[in-house]
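>>> below is the sequence, then the predicted model.
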Amino acid sequence: MLRVDGCIDELRKTVRELRTGGAEIGLVPTMGYLHEGHLSLVRKSRAENAVTIVSIFVNPTQFGPNEDFDAYPRDLERDTQLLEKEGVDVVFCPAPGDLYAADHSTFVMEDRVSRDLCGASRPGHFRGVCTIVLKLFNIVAPDRAYFGEKDFQQLQVIRRMVRDLNVPVKIRGCPIVREPDGLALSSRNVYLSASERQTALVLNRSLKKAREQFSSGEADAAILVESVKRELGKEENLKVEYVELRHAADLSLANKVEKPVVLALAVRVGKTRLIDNMILNEVSS
């Protein structure tokens, strides 16, 4: 495995060499502190591409002024060891100065899918996401890029950006990976105390209860949302940021489950912000 610590020209040269013979390239953008969710993306990329490149970069432009950029967990050596075991070809580990000039003033903004949900509570977040993802696409020029469905809004924002800007990259969304007890894997789970982690199990539990109601014939958005909120409300050390039912394709509000929808939530357990979601009425591929 080749590790490129920030030289964009070196990475581009490597990509040109790896493309010899028409080899297709998969890119897995990450912020590091890797877990099984990230590794599932790596395995999907390796199954579909001759070459897999993983980026590790905690992107400062997607963090707000009072968010956890400085505290965000990092362990580059552990991450690179995990990626080598998975057979990754190249890991790209830039520093902020490698990707952002001191007088950087150009950003990419999607202005519809990113407005609500996490976009409403984290102003500028998706501008930072779109900017860094497009930068990575321009540097690596992958055939496919892989993102987890836990960050469902992020996935749809990136799909919209790629469509609208005619970026020649196929976006692959991959299923949420959960702990055996149902907690969605997240690098931020490390912030949770033992008691907070127990509290956090209510996220998946509340979504599963709503899915059971839908399976029993309930299709009204208000009732399903209220069911999730009522279940979340049973935990004291938890503050609900949002619970919403949205059309999966464009994240517009859904009043009824007729097409595939995403039941999405964001909460704070103690000081830790967690998100989760569940697709209802999903179309089998």
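Looks like it came in fine.

>>> show me where pLDDT drops low in the stretch 51-200 of the chain?
Applying pLDDT under 70 to the stretch 51-200 of the chain flags no residue at all.

>>> please enumerate the strands of it.
Using DSSP state E, counting those that start in this stretch, the strands of the stretch 51-200 of the chain run over 51-56, 90-92, 144-148, 170-174.

>>> quick check, central residue of this structure?
For the chain, Asp151 is the residue whose C-alpha lies nearest the centre (C-alpha atoms, centre = their mean; 3.7 Å).

>>> and that one, how far from Val202?
20 Å (C-beta to C-beta, to the nearest Å). Where you see a C-beta, it was placed from the backbone N, CA and C, and this is true even at glycine.

>>> Lys170 reaches Ala145, doesn't it?
Yes. If you go by C-beta atoms under 8 Å, Lys170 and Ala145 touch, sitting 7.5 Å apart.

>>> more neighbours, these two?
Per other C-beta atoms under 10 Å, whichever of Lys170 and Ala145 has more neighbours is Ala145, with 25 against 14.

>>> Glu110: neighbour count?
Neighbour tally, Glu110, other C-beta under 10 Å: 21.

>>> what do you get for Glu218?
Neighbours of Glu218 using other C-beta under 10 Å come to 14.

>>> and it, that's in a strand?
No. Under DSSP: H, G, I helix; E, B strand; the rest coil, Glu218 falls outside any strand and is assigned coil.

>>> can you show me the helices along the stretch 1-150 of the chain?
8-18, 36-48, 76-85, 96-99, 118-121, 125-140 (DSSP state H, counting those that start in this stretch).

>>> that older thread, quick one: the residue nearest to the centre of the chain from Leu238, how far?
Distance, Asp151 to Leu238, using C-beta to C-beta: 20 Å.

>>> same check, this time on Ile53
Distance from Ile53 to Leu238, by C-beta to C-beta: 38 Å.

>>> of the two, who's got more company?
Using other C-beta under 10 Å as the criterion, Ile53 and Leu238 rank with Ile53 on top: 27 against 18.

>>> what sits closest to that one if chain neighbours are left out?
With C-beta to C-beta, 6 or more residues apart in numbering as the criterion, Ile53 has its nearest non-adjacent residue at 4.5 Å, and that residue is Val90.

>>> partner residues bridging the one you found?
As for beta bridges, Val90 partners with Leu2, Ile53 under DSSP bridges.

>>> so who does the residue nearest to Val108 when sequence neighbours are not counted touch?
In space, and not counting its chain neighbours, Val108 is closest to Cys130: 4.1 Å by C-beta to C-beta, 6+ apart. Cys130 is in contact with Phe107, Val108, Met109, Glu110, Ser114, Val157, Ile158, Met161, counting by C-beta atoms under 8 Å, 6 or more residues apart in numbering.

>>> quick one, what contacts the fourth one?
Same thing as Glu110. By C-beta under 8 Å, 6+ apart, Glu110 lies in contact with Phe126, Cys130, Val157, Arg160, Met161, Asp164.

>>> can you select the buried ones among the residues you listed for me in PyMOL?
Burial among the contacts of Glu110 is assessed by 16 or more other C-beta atoms under 10 Å; the matching PyMOL selection reads:
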select buried, resi 126+130+157+160+161
